[in-house]
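Undergrad: Could you work out the structure for the sequence below:
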Amino acid sequence: MADSDPKHSVSVAAAVVDDSGRVLAVRRRDDGQWEPPGGVLELGETIEEGVVREVYEETGLVVAPDRLTGVYKNMRHKIIALVFRCRVVSGSLTTGTETVELRWMRPSEIRDHMNEAFATRLLDGLEAKAPAVRTHDGVRLLRV
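TA: Numbers count the residues shown, from 1 in each chain. Below is the predicted model of the structure:
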């Protein structure tokens, strides 16, 4: 059966890693969920510009993307997410209009605070291998 609206939205997210190997997570204002900082890529910006903008808007930090760590497709919401490992260049942690809390998490804490789909994005961001390519339903990974 053909989908009446076959388009996808493209989002970007960041696995911002500090010198201690912790990653930055944001708690969203709208639903209270923890996830990596990120959001929808705007039409007039490059992918890297989108990552930098989203992280700054949600955390007050200016980051530099180092490498792509994963490509994720949310099958339910038709979203393709590109996740980049990033390092902090400047700024100070400050919540934005979309965030209520920010936290540096050790790898062992990540799965305790967020659903499998978002936790996997951050954990993949800590790996030093080729980018992951995964699908999920918005909460859980889909194994194919």
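Undergrad: Sketch out the strands for the chain, chain order is fine.
TA: Shown for the chain, the strands assigned by DSSP state E span residues 9-16, 23-28, 34-35, 38-40, 61-74, 79-91, 99-105, 132-136, 141-142.
Undergrad: tell me what the second one is packed against?
TA: Counting contacts by 3 or more CB pairs under 8 Å, 6 or more residues apart in numbering; DSSP states H and E, strand 23-28 is packed against strand 9-16, strand 34-35, helix 47-59, strand 99-105, helix 107-113, helix 116-126. Every residue, glycine included, has its C-beta placed from N, CA and C.
Undergrad: rerun at 7 Å
TA: When contacts are defined as 3 or more CB pairs under 7 Å, 6 or more residues apart in numbering; DSSP states H and E, strand 23-28 packs onto strand 9-16, strand 34-35, helix 47-59, strand 99-105, helix 116-126.
Undergrad: Could you check the angle the longest one makes with strand 9-16?
TA: Here helix 47-59 runs at an angle of 70 degrees relative to strand 9-16 (axes from the mean of the first three to the mean of the last three CA atoms, to 10 degrees).
Undergrad: Go ahead and measure how far helix 47-59 is from the middle of the chain.
TA: Centre-to-centre, helix 47-59 and its host chain are 10 Å apart (CA atoms, centre = their mean, to the nearest Å).
Undergrad: how about that helix: buried residues?
TA: Buried residues in helix 47-59, counted by 16 or more other CB atoms under 10 Å: Gly50, Val51, Val52, Glu54, Val55, Tyr56, Glu58, Thr59.
Undergrad: pretty sure the third one is touching Val63, no?
TA: Yes. Look at Val52 against Val63 with CB atoms under 7 Å: they come within range, at 6.0 Å.
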